[in-house]
Structure formats: structure tokens, C-alpha cells
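>>> below are the sequence and a predicted model for it; my questions follow.
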Amino acid sequence: MIEISLFVEDFGQEEFLSALIERLAREEQVVVMVRRRSVRGGRGRALAELAQYVRDIGRSREALPDFLVVVSDANCKGNVARRKEVEHAAAGLEQSHPGLLVLAVPDPHVERWMLVDSRAFKAVFGRGCDAPDAKCAKDRYKQVLLDAIRAAGIVPPLGGMEFARDIVDHLDLERADNLDGSLGQAVAALRNRFRNSRERL
């Protein structure tokens, strides 16, 4: 069994990445146990708690996972800058256990990943959605997602991310990189990690 710590900033990231990890694990025929760690209170707090978690692993206060998945929306800062922030916060882990860290950086927001595959969206909601652009604006994709689901005649009680598992189950992961580069990077990183872990078992 592969033990994964999933470190996320919000409900939407947790729902989407949990589903993605579980789907890829099934496809790669590995058994996983995902320990979810959600942080509320903004990016600064999330990075501080990630750094503390890494220190706790180093001091044996936390069990060492087989790998640590950290999710952080790029927002308007961009993929590269966000990756550097997370890598800095987790530097101690990378020094003592190289390759343990897997980053998923939705660019600009995880809600956009819900909209990039119109066929998956239609399979879940009975109606496709327009391909989203890649503009950076706070809460823009939350509203675009909400509007697309409402246009299908559904009023989502939690803003739409409660359907993440359904969307992920229908996503064309073979085309993930074409659908969205940041999604493609996350899928490739997780798939490679599962394949490497399976070879070591």
C-alpha cells in the first residue's frame, strides 16, 4: 500500500485531487491510502503549515508518507513562482528525502480544471460547457463553474466542486496536457510516481 499525504488549501482542491489520485491509482493498479490535510486561512498560512509539517516529519512527530502531494492554485502569480514557493516551504523534505514531493499547481484555479473537458462535463451534467479561457481574476472560475452547472439546470449547494469526483471519473486523461497544461503536469507527475512505486513493491 502506498501512503500519500495530500496537502491542500481548500475544499475544491481536496475533492479534485483526491479523486484524481484515486483514479490514477486504479489505472496503475496500486492501492493507496490518502491522508488529507486541508489548511484554511490563505496562502501564507498554508505555506507556514506545510513548512511545519515538513519539520514534524524530520523530527519524527509525523509519519513519513511514501509521497507528499501539495496543491496550490497559481492564481495570478503563475505556475513557476508558485512551485518555487512550495518547494521552498518543503525544502527540508526534499533534502532528506529527494523525490518525495509531488506538486499540483492548477493555473490559475482548480475550478478551471472542472471545465476543460466539455465531454466530461456533459457526461456529468447532461450539457457541455464552453472551453474556459485562461484569464487571471480572483473567484472568476468559481463563478464560471457555477454558471455552467446552473445552465444545465442544477443548483450546486457547495458551488460545484462537490461534483469533482464525477468530473474526474469522466476526464480524458490521455488528453490532459492538451486540455490544460497544468492539469497535464499533475497527471504526469502522479502517474510517474505510481509507476515508480509499483516497480519498487
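Here it is on my side, so go on.
>>> least trustworthy helix or strand in this protein by mean pLDDT?
helix 91-96 (a mean of 86; mean pLDDT, DSSP states H and E).
>>> who touches that one?
With contact meaning Cβ atoms under 8 Å, 6 or more residues apart in numbering, helix 91-96 is reached by 51, 54, 55, 57, 58, 68, 87, 100, 101. C-betas here are computed from N, CA, C, even on glycine.
>>> and residue 163, that's in a strand?
No. Counting by DSSP: H, G, I helix; E, B strand; the rest coil, residue 163 is not found in a strand; it is helix.
>>> assign a three-state SS to the nearest residue to it once chain neighbours are set aside, would you?
Setting aside the residues directly before and after it, residue 163 is nearest to residue 124 in space (Cβ to Cβ, 6 or more residues apart in numbering), at 5.9 Å. Assigned by three-state DSSP, the conformation of residue 124 is helix.
>>> circling back to that earlier point, what's the first helix or strand after the least confident helix or strand of the chain?
Going down the chain from helix 91-96, the next helix or strand is strand 101-104, by DSSP states H and E.
>>> strand partners (parallel or antiparallel) of that next one?
strand 67-71 (parallel) (DSSP bridges).
>>> wait, isn't residue 186 in contact with residue 104?
Yes. Counting by Cβ atoms under 8 Å, residue 104 is a contact partner of residue 186 at 3.9 Å.
>>> quick one: the strands in the protein?
Taking DSSP state E as the test, the strands found in the chain are 2-8, 32-38, 67-71, 101-104.
>>> got the contact list for the last one?
Yep, that's strand 101-104 we're talking about. With Cβ under 8 Å, 6+ apart, strand 101-104 has contacts from 17, 67-72, 83, 86-87, 90, 93-94, 182, 185-186, 189-190, 193.
>>> any idea which helix is longest in the chain?
helix 181-200 (DSSP state H).
>>> can I get that helix as CSV, trimmed to CA atoms?
In CSV, the C-alpha atoms belonging to helix 181-200 read as follows (Å, rounded to 0.1, in the frame of the first residue of the first chain):
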residue,chain,number,x,y,z
GLY,A,181,-1.1,22.2,-19.4
SER,A,182,-1.1,22.4,-15.6
LEU,A,183,-3.6,19.5,-15.4
GLY,A,184,-1.4,17.5,-17.7
GLN,A,185,1.7,18.2,-15.5
ALA,A,186,-0.2,17.0,-12.4
VAL,A,187,-1.5,13.8,-14.1
ALA,A,188,2.0,13.0,-15.5
ALA,A,189,3.7,13.6,-12.1
LEU,A,190,1.2,11.4,-10.2
ARG,A,191,1.2,8.7,-12.9
ASN,A,192,5.0,8.5,-12.9
ARG,A,193,5.2,8.4,-9.1
PHE,A,194,2.7,5.5,-9.1
ARG,A,195,4.6,3.6,-11.7
ASN,A,196,7.9,4.0,-9.8
SER,A,197,6.3,3.0,-6.6
ARG,A,198,4.7,-0.1,-8.2
GLU,A,199,8.1,-1.2,-9.5
ARG,A,200,9.6,-0.9,-6.0
